[in-house]
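Visitor: Please find the sequence and the predicted model below.
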Amino acid sequence: MKKIIFYITLFFSATLFTNCEKVVDIDLNNDSPKLVIDAIIKWEKGTTGENQTIKLSLTNDFYTNTILPASGAVVKVFNSTGTEFDFTEVVPNSGDYVCSNFLPVINETYDLTIQYSGEIYTSSSKLFATPEIANVTQETVPGFSGEDQIQIKYFFQDNGAEDNYYLLRIKNPNKAIPEFGAVSDEFFQGNLMFGFYASSKTEPGITLNLSVQGISVGYYNYMSKILSIAGSGGGNPFATTPATVRGNIVNESNIANYALGYFSLSEIDTVDYLVQ
């Protein structure tokens, strides 16, 4: 009898929740689209670094994933001697502005100027050096679920003469989006540092693309906030609303109409690692 009552209770509970299910469309106020500037100049070690792209887009409605390209802009970068590098939208309406003669120099300061929709956006940043990835190690350990887990470490030497900040990136072919980490040498000054990666979607036979990128303290703080917000929701409908993270780009024409994004320049070292 107790079992019958228990099953009936479950039945009515399931029915109650099913009947109460309702799709609710919330009317959200849409602000005027803001310019999004992806001006991350990365000089791959072993290359000339002359081919670079700056991406411009516009913010869109909350309920859509469509990216709106920002076309018709004038994009220029200048070095400290006044040399001008023009970034041109080669493919119309793509929002991709390409330069084929960029000249990257370590510790050189560069100025970004963008003219878009009657307004001028500017920023300035130095090009940071990056250490080489010295070696990669792999270890298999017991996982929490009882299955073995593959753990990857890739090592690079920190420069002990200065404070350094790094952006680490791992591209796993079994995942649609690369994974990032922002780290500093606060507790590892002058030591051999490493990036650590473990995922249930890492299996023998796949190739991981591992990278390290020296960055400024400003970009480190910016990416730390972005990564914190990206991982804080976890699908929780009651999570705190993400805040707008401001970058280092200023609208000289209308400071209230700020752009989103960041202007950063650095070397980057990458290694393709075949998982054993």
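Guide: Structure's in. What do you need? The model shown is predicted, which means the values in this text are computed figures rather than measured ones.
Visitor: Which of the residues in the longest strand anywhere in the chain are classified as buried?
Guide: Criterion DSSP state E: the longest strand present in the chain is strand 260-274. Of all the residues in strand 260-274, those buried under the rule 16 or more other CB atoms under 10 Å are Leu260, Gly261, Tyr262, Phe263, Ser264, Leu265, Ser266, Glu267, Ile268, Asp269, Thr270, Tyr273. Where you see a C-beta, it was placed from the backbone N, CA and C, and this is true even at glycine.
Visitor: who touches Tyr220 in this structure?
Guide: By CB atoms under 8 Å, 6 or more residues apart in numbering, the residues touching Tyr220 are Tyr165, Tyr166, Leu167, Ala182, Ser184.
Visitor: which residues does the first one bridge with?
Guide: The bridge-partner assignment for Tyr165, based on DSSP bridges, gives Ser184, Ile215.
Visitor: what's the most distant pair in the contacts of Tyr220?
Guide: Across the contacts of Tyr220, the longest distance by CB to CB is 10.8 Å; it joins Leu167 and Ser184.
Visitor: of these two, who's got more company?
Guide: Set Leu167 next to Ser184 and count neighbours by other CB atoms under 10 Å: Leu167 wins out with 24 against 18.
Visitor: give me the element the more buried one is part of.
Guide: Using DSSP states H and E, Leu167 sits within strand 165-171.
Visitor: Next, the angle from that strand to strand 260-274.
Guide: Here strand 165-171 runs at an angle of 60 degrees relative to strand 260-274 (axes from the mean of the first three to the mean of the last three CA atoms, to 10 degrees).
Visitor: which parts of strand 165-171 are buried?
Guide: Tyr165, Tyr166, Leu167, Leu168, Arg169, Ile170.
Visitor: How about stretch 74-85?
Guide: By neighbour count on 16+ other CB under 10 Å, the buried set for stretch 74-85 is Val75, Lys76, Val77, Asn79, Phe85.
Visitor: Poorly predicted segments of the stretch 101-250 of the chain, please.
Guide: 232-243 (pLDDT under 70).
Visitor: mind redoing it with 80?
Guide: Within the stretch 101-250 of the chain, the segments meeting pLDDT under 80 span 143-146, 231-243.
Visitor: Neighbours of Gly247, how many?
Guide: 20.
Visitor: mind listing what the residue nearest to it when sequence neighbours are not counted touches?
Guide: In this structure, Gly247 finds its nearest non-sequential neighbour in Tyr262, 3.9 Å apart by CB to CB, 6 or more residues apart in numbering. Counting by CB under 8 Å, 6+ apart, Tyr262 touches Ile37, Asp38, Ala39, Ile40, Tyr219, Tyr222, Gly247, Asn248, Ile249.
Visitor: hmm, 10 Å instead?
Guide: Shown in contact with Tyr262 (CB atoms under 10 Å, 6 or more residues apart in numbering): 37-40, 123, 125, 215-216, 218-219, 222-223, 226, 245-249.
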